[in-house]
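Engineer: show me the folded form of this:
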Amino acid sequence: MEFTYQQPTEIRFGQGRLDELGEVAAALGRRALLVTVPVFEALRSPLERARASLRQAGLSVAHYDGVVANPTTESVDAGAAAARAAHAEVIIGLGGGSSMDTAKAIAVGATHPGSAWDYLFFKKQPSAATLPVVAVTTTSGTGSHVTQVAVMTETRTRTKSAIYHPRVFPRVAIVDPDLVVSAPPHVTASTGFDVLAHAFESYIHVRGNPYADVLAVEALRLVRRWLPCAVREGGDPEARRAMAWADTLAGLCIATAGVTLPHGMGMTIGGFAPHVMHGEALAVVYPEFMRFTWASAIARFAVLGRILDPSLAGADDRQAAEGSCAALDAFLGEIGMWLSFEQLGVERGLLGAIADQSRVLPDYQNNPRIAGREEIFAMLEASYRR
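Structural biologist: Alright, predicted model coming up:
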């Protein structure tokens, strides 16, 4: 087997490590752009701590608060203009995946001709002019703090795609579990399910590798053990620490392996229905994806089945793999993520267009069983009402 592993991001993990932001950023530049969603109550304290740390280290600080859920080219371009106006030398993404992805895209858009959209994975490559990024995650999901991916949606066409290049790896990731404690139960569940999806899809990826496998299995075990607790008891520090670590492990997995069919579908759903959280988009298609794929990767689905449902420990691989489908259904119910398109407010008439676009990104090619357009449409239809 041959594989390549690269992980240039310095990971600073632990409670209270947000206070190191100034020291980290000062090594990269003297003028910082903080990138966040519009300020709301739970963000206010981390934002002020971040500003104080940066200023104490002698940096000038500008703030762009135009991040939107499922980032758009419009919001990224506005952030790039803000970075240029501030003569920013370092970009700091503070928040969930949308803030960190936007920060990474701004780092490209601010220093290159045209728009960040011109530097998608199949277009031009970002140059060494890309600004350094520091990622400070406030959710336990997305893994964006340790990946070379910046996802966005073109506003006009509702096409969702990504910059994918080593130059957008954050130079430093600050993972401070204290910042996640205030995340509401549904946000915790949605982002936490994204962790499971990242880990499992890298594990079944047709071009996965032994490095990702080890991290993925540990992340899956942590999610099964701690996500229900984090949803029920958001203030539990042990659950928050475990999920922050699982998120980081799963992010490392997709940075070196990648994702498969559900992420191609989920990203397309987010493009057409931006009100749907990424974790929700994954959760709604996962039951059908499991049933479509399990027989094509029996040993790997058996591992997931036994992690999710210990009663499958004595079953043979085929039984455990098939049983993983019901076990995943039950886990979604346990964390409040048993969803349908109807519940999410996605019009049935959009499903055809979503099926058409779900094969634009190459993720479906990484699945153990490759789905055609009609098979994807059938999965979407079966997910409309539950």
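
Engineer: count of neighbours near Lys3?
Structural biologist: For residue 3 the amino acid is Phe, not Lys. Residues lying near Phe3 (other C-beta atoms under 10 Å) number 12. C-betas here are computed from N, CA, C, even on glycine.

Engineer: could you do Val68 as well?
Structural biologist: For Val68, the neighbour count with other C-beta under 10 Å is 17.

Engineer: what lies in contact with the longest helix along the chain?
Structural biologist: Ranked by residue count and defined by DSSP state H, the top helix of the chain is helix 210-232. Contact with helix 210-232 is made by 1, 3, 5, 140, 185, 188-189, 192-193, 195-196, 198-200, 202-203, 205, 236, 238-240, 242-243, 245-247, 249-250, 252-253, 256-257, 303-304, 307-308, 331, 334-336, as judged by C-beta atoms under 8 Å, 6 or more residues apart in numbering.

Engineer: return a PyMOL selection command for the buried portion of these.
Structural biologist: Selection of buried members from those for PyMOL, criterion 16 or more other C-beta atoms under 10 Å:
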select buried, resi 140+188+189+192+193+195+196+198+199+200+202+203+205+239+240+242+243+245+246+247+249+250+252+253+256+257+303+304+307+308+331+334+335+336
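
Engineer: now, the contacts of helix 210-232 that are in helices?
Structural biologist: Using DSSP H, the members of these that fall in helices are 185, 188-189, 192-193, 195-196, 198-200, 202-203, 238-240, 242-243, 245-247, 249-250, 252-253, 256, 303-304, 307-308, 331, 334.

Engineer: and the residue nearest to Gly345 when sequence neighbours are not counted, how far is that from Ala83?
Structural biologist: With C-beta to C-beta, 6 or more residues apart in numbering as the criterion, Gly345 has its nearest non-adjacent residue at 6.8 Å, and that residue is His275. His275 is 27 Å from Ala83, where distance means C-beta to C-beta, to the nearest Å.

Engineer: swap in Leu332?
Structural biologist: Separation of Leu332 from Ala83 (C-beta to C-beta): 39 Å.

Engineer: the more surrounded of the two?
Structural biologist: Between Leu332 and Ala83, Ala83 has the larger neighbour count (other C-beta under 10 Å), namely 26 against 19.

Engineer: helix/strand/coil for that one?
Structural biologist: Following DSSP: H, G, I helix; E, B strand; the rest coil, Ala83 is assigned to helix.

Engineer: hmm, it is touching Gly93, no?
Structural biologist: No: using C-beta atoms under 8 Å, Ala83 makes no contact with Gly93, being 11.9 Å away.

Engineer: got a list of what the spatially closest residue to Thr72 that is not a sequence neighbour touches?
Structural biologist: The shortest distance from Thr72 to any non-neighbouring residue, by C-beta to C-beta, 6+ apart, is to Thr155 (4.6 Å). Residues counted as contacts of Thr155 (C-beta under 8 Å, 6+ apart) are 72-74.

Engineer: tell me the phi and psi of Thr155?
Structural biologist: Thr155 has phi and psi values of phi -60, psi -40 when expressed as degrees, to the nearest 10.

Engineer: now it: how far from Leu344?
Structural biologist: The value you get for Thr155 to Leu344, if C-beta to C-beta is used, is 21 Å.

Engineer: repeat for Ala128
Structural biologist: Relative to Leu344, Ala128 is positioned 42 Å away (C-beta to C-beta).

Engineer: now do Ser144
Structural biologist: Distance from Ser144 to Leu344, by C-beta to C-beta: 22 Å.

Engineer: between those two, which one's more packed in?
Structural biologist: Shown here are Ser144 and Leu344; by other C-beta under 10 Å, Ser144 has more neighbours (31 against 18).

Engineer: surely Ala116 and His165 touch.
Structural biologist: No: contact between Ala116 and His165 fails when scored by C-beta under 8 Å: they sit 11.3 Å apart.

Engineer: and the two? which has more neighbours close in?
Structural biologist: Set Ala116 next to His165 and count neighbours by other C-beta under 10 Å: Ala116 wins out with 26 against 20.

Engineer: residues contacting the more buried one?
Structural biologist: Going by C-beta under 8 Å, 6+ apart, Ala116 touches 73, 76-77, 80, 105-106, 108-109, 150, 152, 163.

Engineer: could you look up the SS state of Ala128?
Structural biologist: Ala128 falls in the coil class when you classify it by three-state DSSP.

Engineer: what's the helix or strand for Ala32?
Structural biologist: Secondary structure from DSSP states H and E places Ala32 in strand 31-35.

Engineer: outside of that strand, which residues touch it?
Structural biologist: 25, 47, 50-51, 54, 59-64, 67, 79, 82-83, 86-95, 99, 102-103, 106.

Engineer: what residues are up against the most centrally placed residue in the chain?
Structural biologist: Among the residues of the chain, the one closest to the centroid is Thr142, at 2.1 Å (C-alpha atoms, centre = their mean). By C-beta under 8 Å, 6+ apart, Thr142 lies in contact with 96-97, 100-101, 191, 194, 247, 251, 278.

Engineer: mind running it again at 7 Å?
Structural biologist: Residues counted as contacts of Thr142 (C-beta atoms under 7 Å, 6 or more residues apart in numbering) are 96-97, 191, 194.

Engineer: from these, pick the one nearest Ser358.
Structural biologist: Nearest to Ser358 out of these is Asp194 (C-beta to C-beta; 17.5 Å).

Engineer: and stretch 349-369, which residues are buried?
Structural biologist: Quick answer for stretch 349-369 (16+ other C-beta under 10 Å): 350-351, 354-355, 357-359, 361, 363-364, 366-369.

Engineer: now, which of those residues lie within helices?
Structural biologist: Among the buried residues of stretch 349-369, DSSP H puts 351, 354-355, 357 in helices.

Engineer: of these, which is the nearest to Ile376?
Structural biologist: Ala355 (4.7 Å).

Engineer: wait, isn't that closest one in contact with Met379?
Structural biologist: No: with contact defined as C-beta atoms under 7 Å, Ala355 does not reach Met379; the gap is 8.5 Å.

Engineer: if anything else comes up later, I'll come back, but that's it for now.
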